[in-house]
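Chemist: fold the following for me, if possible:
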Amino acid sequence: MAQSHDKPALITNAQRSPAQQMRTRQIRYGIMMLIRVILLIVAAILAMVEAPLMWLWLIVCAAGMVLLPWMAVLVANDRLPKEERRWFRRHEPEEPTAEAIEPPKPPQVIDVDT
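Modeler: Coordinates of the predicted model:
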């Protein structure tokens, strides 16, 4: 038997498909690895040019090249967050205000003898 739920399921509250989630995680991972490659190129250029404060820039680049793969794996394996708030929800009616509440109407009496 089908179970009855208190609130109807809306398609707008449905999660994205696993294929879409995987694609998003792959794109994030690729972008982070691209940043790592850019840091490697920047570090090589800085070493060739002998820039001022080169030791500081090389430490920053090395830290980025070491930490980015770790962060990329964490991001790639993490599920996308569900959206808690929506701009528009149909299934949750608004509470009526004091002005909108009308007094109850008197009951209608039907008399068949008259």
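
Chemist: please make it C-alpha for all contacts and neighbour counts, starting now.
Modeler: Fine.

Chemist: any idea how far residue 44 is from residue 71?
Modeler: 23 Å (C-alpha to C-alpha, to the nearest Å).

Chemist: so who does residue 54 touch?
Modeler: By C-alpha atoms under 8 Å, 6 or more residues apart in numbering, the contact set of residue 54 is 46, 47.

Chemist: so how far is residue 77 from it?
Modeler: Residue 54 is 35 Å from residue 77, by C-alpha to C-alpha.

Chemist: again with residue 108
Modeler: 65 Å.

Chemist: what do you get for residue 59?
Modeler: Counting by C-alpha to C-alpha - residue 59 and residue 77 are separated by 28 Å.

Chemist: report the next helix or strand after the longest helix seen in the chain in sequence order.
Modeler: Using DSSP state H to assign secondary structure, the helix with the most residues in the chain is helix 18-49. Moving toward the C-terminus from helix 18-49, the next helix or strand (DSSP states H and E) is helix 54-77.

Chemist: what angle do that following helix and helix 18-49 make?
Modeler: Interaxial angle of helix 54-77 relative to helix 18-49 (axes from the mean of the first three to the mean of the last three C-alpha atoms, to 10 degrees): 170 degrees.
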